[in-house]
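Student: Take this sequence and fold it.
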Amino acid sequence: MRAVAVLATIASLHSIASASRPANVCVNGVHVIVARGTNEPPGGGLIESVAHGVATAVPDSQITPLDYPAAFDNYSASVTAGVESLKTELAEYSSRCPQSKVALMGFSQGAHVIGDTLCGSVGAEPLLLQFNATSEPMSSSVVDQNVIAVVLFGDPTHNASAPWNRGNSIRDGLYPRGDVNMCQQYACKIESWCDTGDLYCDKGNTPGIHRSYFSKYTPDAVEFVFSRFVAANASGAPLVVPPSKSSLALGSAVRLASGRLLEHH
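Tutor: Predicted coordinates for the structure are as follows:
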């Protein structure tokens, strides 16, 4: 019973931390844009659990799910739509809230969308999906001004040589990003987790790996965003003490157990 009470308390704290507010409101904390994985229903998807950790650590933060198809059928068109949606969201928020701090978080196809937004599209790829359009990177002025951190889990465009890699994978993903120099200027802002065996970011053959990042790396991802937020503040002083790794892992487990775990890419 005690364990159930603890889980309920953490779930409640997460709910309070990410209380919905109008998307056009400028916040003093972190404006977190989350891009869900393939075939997850509209909303934040599994990656939102990481965003809730940030909202708990940094007061006056908000979470905005990216509006895009996240479809498996016609994957390339879905990615293209996601890139255009994210560019619009970033440009509009930057214009409204020039002093605000933004974090981008993406899982699977959502990570692909964020990567293409920052670095340009991967172009042709080995599985002959034939991406429908070649997208240019988002204006660096917007990224430099507002984006403080980027968290990617299970990115299909994983390039094993990229300087922002985390996890233990040493292989490219299904659609490896050929030129990581396109977003080298953002290297300090990006952390991308990929583990050996992941079907999509590592071309592995262990299905469960792709969904394991949330229980393994959520605390590290939250601490990364928190540290970037602290560094971006003029005072350089933390606003709050970051949550412990154990509490973050437990909070992530709450969300994973809430019936949102799906078979997806």
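
Student: need the contact list for the nearest residue to F153 once chain neighbours are set aside.
Tutor: Leaving aside its sequence neighbours, F153 sits nearest to Y213 (C-beta to C-beta, 6 or more residues apart in numbering; 4.1 Å). The way it works is simple: take the backbone N, C-alpha and C, and place the C-beta from them, glycine included. Going by C-beta atoms under 8 Å, 6 or more residues apart in numbering, Y213 touches F107, F153, G154, G167, W193, D195.

Student: count of residues packed around the last one?
Tutor: Residues near D195, counting by other C-beta atoms under 10 Å, number 21.

Student: Leaving out chain neighbours, which residue sits closest to it?
Tutor: Ranked by C-beta to C-beta, 6+ apart and with sequence neighbours excluded, the top spatial neighbour of D195 is G167, at 4.6 Å.

Student: For burial, what's the neighbour tally of the one you found?
Tutor: By the criterion of other C-beta under 10 Å, G167 has 23 neighbours.

Student: OK, contacts around it?
Tutor: Going by C-beta under 8 Å, 6+ apart, G167 touches S192, W193, C194, D195, Y213, Y217.

Student: If we use 6 Å, what do you get?
Tutor: W193, C194, D195 (C-beta atoms under 6 Å, 6 or more residues apart in numbering).

Student: Report whether the expected contact of T38 with G110 is present.
Tutor: No. Counting by C-beta atoms under 6 Å, T38 does not reach G110; the two are 8.4 Å apart.

Student: So the two - more neighbours on which side?
Tutor: Counting neighbours by other C-beta under 10 Å for T38 and for G110 shows that G110 has the greater number, 33 against 24.
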